[in-house]
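Peer 1: Sequence first, predicted model second:
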Amino acid sequence: MNSLRSGIPRSTLILANEPVEKTVRIAAGALLEGIQSACQRVVSMDGSGVSVASTDTAYVLDGRTFTIHAYDGPYRFWCGTNNPRLFWICHMQRVDVEKAREAFRFCFGGAEKAGWNVNYEPLSDGSGGVSIWATCITDRERPLCAEVSDLNGAASIAMTAEGVYWATDIAMMVQSWIRTSQRHGFSCHPGMPAPL
């Protein structure tokens, strides 16, 4: 599987005098890297693997647009964090809200059992597509990322077991979303998904 990453480079080194905002952004980057890594294990309906590319976004929230290249074309979603809240957004073309809600009921029904709130809204561009967006609040007592030190004492941020859980949960949701789309002949809207 190929993994491509473009956008703003992020350092994993934290100095004691850096502001909290930078630390939060580095932690978000560690989580988003974990999501990308987990998504590289997604398998399409035909049993083939996928390649994953991502681009950092410059919205208010830290996030990335991910493009999953499957045998039948690209699937794009945006994922972001405002710790402890996670966001996941995709835009599908030529499908209305009710048809999308019915088609994805098992895919996102499973996500809801893990704590996601899933919403469907018509795209405002008149294309007849739908925006599917999900949010969840993670456990504030169990951080997704934490500071770690290497053998030389250099500090960095790494995902905790809780972060690995959520990155894997997102990858499972993505695999279900892609396979459901493939079964129903759905495709992503050509525009980039983004927070509303």
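Peer 2: Everything's here; your move.
Peer 1: low-confidence ranges in this structure?
Peer 2: Across the chain, the ranges flagged by pLDDT under 70 are 1-20.
Peer 1: who are the neighbours in contact with the residue nearest the centre of it?
Peer 2: For the chain, the residue sitting closest to the mean C-alpha position, by C-alpha atoms, centre = their mean, is C79 at 3.5 Å. Listed by C-beta atoms under 8 Å, 6 or more residues apart in numbering, the contact set of C79 reads 32, 35, 63-64, 66, 86-89, 170. The C-beta positions use only the backbone N, C-alpha and C, and glycine is treated the same way.
Peer 1: Show me what it bridges to in the sheet.
Peer 2: Judged by DSSP bridges, the bridge partners of C79 are R64, W88.
Peer 1: ok, now how distant is it from M192?
Peer 2: Distance of C79 to M192, given as C-beta to C-beta, to the nearest Å: 13 Å.
Peer 1: same thing with R101?
Peer 2: Counting by C-beta to C-beta, the gap from R101 to M192 is 23 Å.
Peer 1: need the strands for this protein, in chain order.
Peer 2: Counting by DSSP state E, the chain has these strands, from start to end: 3-6, 51-56, 62-70, 73-82, 85-93, 117-122, 130-137, 145-149, 155-159, 187-188.
Peer 1: In TSV, list these along with distance to G110.
Peer 2: Converted to TSV, those look like this (distance: least, C-beta to C-beta, whole Å):
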stretch	distance to G110
strand 3-6	26
strand 51-56	21
strand 62-70	18
strand 73-82	16
strand 85-93	13
strand 117-122	10
strand 130-137	11
strand 145-149	25
strand 155-159	22
strand 187-188	20
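Peer 1: Would you mind telling me which of these is nearest T23?
Peer 2: strand 155-159 (7.5 Å; C-beta to C-beta).
Peer 1: Buried ones in that closest one, by neighbour count?
Peer 2: Within strand 155-159, the residues that qualify as buried are 157, 159, counting by 16 or more other C-beta atoms under 10 Å.
Peer 1: Determine the angle, from 0 to 180 degrees, between that strand and strand 145-149.
Peer 2: 140 degrees (axes from the mean of the first three to the mean of the last three C-alpha atoms, to 10 degrees).
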